[in-house]
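[1] Got a sequence here, can you model it:
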Amino acid sequence: MNYSNGTSKVTEAKEAGEADESIENSDIDDNSRTNKGNSETNDISDNIRPFEIDEVGEEDFKGIKKRKFAILLTIVAVAIIIGIAITVQKSVMNRQTAEALNANGNAYSEGDKNQTDSNVYNSARSSEVEDVAFIEKYLNQQMKGQMPDGADGKKVVYLTFDDGPSETVTPKVLDTLKAENVHATFFLVGKAIDESEANKNIVKRELAEGNAIGNHTYSHNYGYLYPNGKINLENCMSDFEKTNQSLKNILGQDFSTRAVRFPGGQMTWDKKDPSGADAMDKALHERDYHQIDWNSLSQDAEGAHKNAEQLKQEVIKTVSGREKAIILMHDTYGKEETAKALPEIIKYLKQQGYEFKIMK
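    Model prediction:
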């Protein structure tokens, strides 16, 4: 037997098997390494790319939210500032009125504006108040050259202001009256009263500080009141009543004033239209209205423009020799010099021994 050939074949077969196994194992190792490499690559890709995308998106979102919040906060802040500015502006405009009303404990609210507090209207001392019927009669007798029934040797002055209220002049006049502790009678024009809330508050202040209020028609329109130079009774009475209602709307339905003043003055129309003036006088008295003219004036509505000193001198000149002086001045727009002259006018009248009164 040839054992060498068999052994050789076995050896060859064994070697061939080992070689195949080696090749197979090598393939397996290569595949394993390839798969491992791919797996690691995929792991790195999975770990990096989604992370970067999520982080960037979240940061952008947070930034947008912050910007939107900042814009919203700015808008709210601006709105608040504008609201405060508007409120302050209105408050400044009405501050003096509110202070006067609070000082007298008689602030008018929407709920009680139609109910007059008699204590407000009577806040002036009774000794300072004159009956309008007395003043009307005194002036009529004086105009006719007669000795007035009320002539008693006592010097009394009645400060009167026409054509208001105004936002520029009337508050200054009121400040002076308050500082000097004297009062005046304001003959108001209805359309000026209704012109603004500020003017309505000025009317309240006038009354609250102890002054008196008279009626100077609603329109102050000569063409409407005196067409063709004649008194129109119907138009005049309508104008007086319209102003009276405007006053009631502000001061309460119980408020009334008995003092009226014609634009141009009663004495003027007594001369121009005697029959019309008589008819008007009768109609007014039927309603307990009394016409109040004047016997002294600053001439702030007559002739050329005058400064404060000139206005004072006009008062001194026209008051001279008057026992009872009813002084005409104006507190409408453009009468700032009147407001400037008032402190010196009051000082002069006090020096002359005049007592200050109002009329109701």
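
[2] and R67, what pLDDT?
    According to the per-residue confidence, R67 scores 71 in pLDDT.

[3] Show the residue spans covered by the strands in this protein.
    Under the criterion DSSP state E, the chain carries strands at the ranges 129-130, 156-164, 185-188, 212-215, 259-260, 290-291, 296-297, 324-330, 355-356, 358-359.

[4] among the ones you listed, which is the most enclosed?
    Comparing the strands of the chain on average neighbours per residue, with mean count of other Cβ atoms under 10 Å, the densest one is strand 185-188 at a mean of 27. Any C-beta I mention is one placed from the backbone N, CA and C, and that applies to glycine too.

[5] Mind listing the strands that one pairs with, and their directions?
    strand 156-164 (parallel), strand 212-215 (parallel) (DSSP bridges).

[6] got the strands of the chain as TSV, with mean pLDDT columns?
    Listed next are those as TSV, based on pLDDT from 0 to 100:
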stretch	mean pLDDT
strand 129-130	96
strand 156-164	99
strand 185-188	99
strand 212-215	98
strand 259-260	98
strand 290-291	98
strand 296-297	98
strand 324-330	98
strand 355-356	98
strand 358-359	98
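
[7] export those strands to TSV and tack on distance to P274?
    Supplementary listing: the strands of the chain in TSV, determined by distance: least, Cβ to Cβ, whole Å:
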stretch	distance to P274
strand 129-130	28
strand 156-164	24
strand 185-188	23
strand 212-215	23
strand 259-260	19
strand 290-291	14
strand 296-297	23
strand 324-330	23
strand 355-356	34
strand 358-359	25
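
[8] Switch the strands paired with strand 185-188 over to CSV; also include distance to P171.
    Output for the strands paired with strand 185-188, formatted as CSV (distance: least, Cβ to Cβ, whole Å):
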stretch, distance to P171
strand 156-164, 10
strand 212-215, 16
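
[9] Count the neighbours of I316 for me.
    Counted with other Cβ atoms under 10 Å, the neighbours of I316 add up to 16.

[10] tell me the contacts of P227?
    Contacts here follow Cβ atoms under 8 Å, 6 or more residues apart in numbering; on that basis P227 touches N235.

[11] ugh, wrong one, G264
    G264 sits next to Y222, Y226 when contact means Cβ under 8 Å, 6+ apart.

[12] Phi, psi for it please.
    Here the main-chain torsion angles of G264 (degrees, to the nearest 10) amount to phi 100, psi -20.

[13] for the chain, what helix or strand is lowest in average pLDDT?
    helix 118-121 (a mean of 44; mean pLDDT, DSSP states H and E).

[14] could you measure the closest residue to A151 other than its chain neighbours against G153, distance?
    In space, A151 comes closest to E323 once its chain neighbours are excluded; the distance is 6.0 Å by Cβ to Cβ, 6 or more residues apart in numbering. When Cβ to Cβ, to the nearest Å is the yardstick, E323 and G153 sit 7 Å from each other.

[15] Give me the more crowded residue out of those two.
    Taking E323 and G153 together and counting by other Cβ under 10 Å, E323 has the greater number of neighbours (16 against 5).

[16] K172 and A339 touch, don't they?
    Yes. Taking contact to mean Cβ atoms under 8 Å, the distance of 3.9 Å between K172 and A339 places them in contact.

[17] neighbour count winner among these two?
    Neighbour tally, K172 and A339, criterion other Cβ under 10 Å: the higher count belongs to A339, 23 against 17.

[18] Tell me which of the strands paired with strand 185-188 lies nearest to G145.
    G145 sits nearest to strand 156-164 of all these, at 20.6 Å, using Cβ to Cβ.

[19] Now do the closest one against strand 324-330, angle only.
    Orientation check (axes from the mean of the first three to the mean of the last three Cα atoms, to 10 degrees): strand 156-164 against strand 324-330 gives 20 degrees.

[20] returning to that earlier point: for K137, find the nearest of the strands of the chain.
    Within the strands of the chain, the stretch nearest K137 is strand 290-291; the backing value is 8.7 Å (Cβ to Cβ).

[21] In the sheet, which strands lie alongside that closest one, parallel or antiparallel?
    When pairing is defined by DSSP bridges, strand 290-291 lines up against strand 259-260 (parallel).

[22] any idea where the helices of the stretch 101-250 of the chain begin and end?
    The residue ranges that make up the helices of the stretch 101-250 of the chain, judged by DSSP state H, counting those that start in this stretch, are 118-121, 132-143, 170-180, 190-193, 197-208, 222-225, 233-251.
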